[in-house]
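**Student:** sequence? don't have it. structure:
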């Protein structure tokens, strides 16, 4: 690859300079605007230096010897540059300097950086500071980057300093085509790669940000949740086997508390206390964000807790509920959905969204309170739940619709009996959502 390469001799004033003292002669190597300096171990009086020519002025023998010495250094630097080009090595100011001095420049690689990051994260996972799933995502990134570097460049690793927009765009294209990732999945891998590169910049392994100016375009995600009717079907369904009945209870517990599988699994009886209103609340810390969550117990939640308080597993392990493995839970939830006539894939994510939508926001709970109960560190995360609530928009518009209907009657002197059928239907549709879900909650 062609580079802009130059060599310049210049004078540098000593730190403890005194008037009349000589200056040191330094050499600066510049490649593509990035320089590296080193001393020539020679000095010169400032008035005898020709800055434009980069040499000493004069015809005496000592001057000729010094200028010849500088020219020899310059020739060796150019030779080092040529040798790096022949070897196909990366040409930088530091690499030329190291080649000239006979030193090996320490070249850090992208896979080295990812492996170092993953090793540190694994130790933190063991201390429960990171979730195992977070580590798995970076392990997948390591495999994808290794496969990409091998396929695109025919190498086992890649120099960090050579990562640029071409590398990033190529990796993004590779994820979409070879790995068959969708846009949002590919974006997650790119963001994780960006995190690795940012760490390398802090370590000063690279000086520039290859992600500067790089933008990601994501696709909107359809966040599915259970409607009041679907929640009612699951609640009222009678199961003949204890295992399905038990898993259904755990699923409903998440639907009415917004707690994740990991939060419910670690929930202790001691986490149930009396809140500011004198009623029972859940006081816990979210495993994912380590944020405090205080959740009032709705009647159905309290009944589930009371149902299992004397369960042998709960008594022996100091747990509020006897939770099965996540894999088994998901398997049983497939059966529960089919038997309940709900055509959706049940799981902890949909349970959490159901709490944030059908159970709370649709019943007029302020979004700030919902955000706090869900353990979100930013209310904007909770706003993603609110975007899907067309029914809530209908309810909020009901008072305004009533005003316009009344004004229309008054201005046009239209009797109630002659209001158009469409307006009457619209009024019916604007029935408060709280009436729809009241039976489900209580």
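**Tutor:** Received it, and whenever you're ready, just let me know what you need. Every value quoted in this text rests on a predicted model; they were computed, and no experiment measured them.
**Student:** C-alpha from now on. contacts and neighbour counts both.
**Tutor:** Will do.
**Student:** Can you give me the domain boundaries for the chain?
**Tutor:** As given by automatic domain parsing, the domain ranges for the chain are 5-101, 110-202, 228-388, 391-441.
**Student:** from those domains, which stretch is densest packed?
**Tutor:** domain 228-388 (a mean of 18; mean count of other Cα atoms under 10 Å).
**Student:** pLDDT averaged over it - what is it?
**Tutor:** The average pLDDT for domain 228-388 rounds to 85.
**Student:** what distance separates that domain from the centre of its chain?
**Tutor:** Centre-to-centre, domain 228-388 and its host chain are 25 Å apart (Cα atoms, centre = their mean, to the nearest Å).
**Student:** Likewise for stretch 124-136?
**Tutor:** Its chain's average C-alpha position is 15 Å from that of stretch 124-136, according to Cα atoms, centre = their mean.
**Student:** ditto for stretch 136-154
**Tutor:** Mean C-alpha position of stretch 136-154 versus that of the full chain (Cα atoms, centre = their mean) differs by 19 Å.
**Student:** residues in contact with it?
**Tutor:** By Cα atoms under 8 Å, 6 or more residues apart in numbering, the surrounding residues in contact with stretch 136-154 are 111, 114-115, 118, 155-158, 171, 174-175, 189, 192-193.
**Student:** follow-up on the earlier one: relative to residue 212, which of the domains of the chain is closest?
**Tutor:** Closest of these to residue 212 is domain 110-202, at 8.7 Å (criterion: Cα to Cα).
**Student:** Between the two ends of the closest one, how far is it?
**Tutor:** 14 Å (Cα to Cα, to the nearest Å).
**Student:** Kindly list the longest helix within the chain.
**Tutor:** Secondary structure of the chain per DSSP state H: the longest helix is helix 61-87.
**Student:** which helices and strands sit right next to that helix?
**Tutor:** strand 55-56, helix 93-101 (3 or more Cα pairs under 8 Å, 6 or more residues apart in numbering; DSSP states H and E).
**Student:** what is the mean pLDDT for that helix?
**Tutor:** Mean pLDDT, helix 61-87: 91.
**Student:** what's the answer for stretch 193-200, then?
**Tutor:** 95.
**Student:** quick one: that stretch to chain centroid distance?
**Tutor:** Relative to the chain's own centre, stretch 193-200 is displaced by 12 Å; criterion: Cα atoms, centre = their mean.
**Student:** picking up where we left off before, and of the helices and strands packed on helix 61-87, who's closest to residue 269?
**Tutor:** Using Cα to Cα, the helices and strands packed on helix 61-87 put helix 93-101 closest to residue 269, at 61.9 Å.
**Student:** Average pLDDT for that closest one, rounded please.
**Tutor:** 87.
**Student:** Strand partners (parallel or antiparallel) of the strand or helix carrying residue 293?
**Tutor:** Using DSSP states H and E, the element containing residue 293 is strand 292-296. Using DSSP bridges, the strands paired with strand 292-296 are strand 280-285 (antiparallel).
**Student:** I'd like the domains of the chain as a markdown table, with distance to residue 215 appended.
**Tutor:** Shown next, in a markdown table, are the domains of the chain (distance: least, Cα to Cα, whole Å):
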| stretch | distance to residue 215 |
| --- | --- |
| domain 5-101 | 25 |
| domain 110-202 | 10 |
| domain 228-388 | 21 |
| domain 391-441 | 33 |
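**Student:** Out of those domains, which is closest to residue 211?
**Tutor:** Ranking the domains of the chain by proximity to residue 211 (Cα to Cα) places domain 110-202 first, at 6.9 Å.
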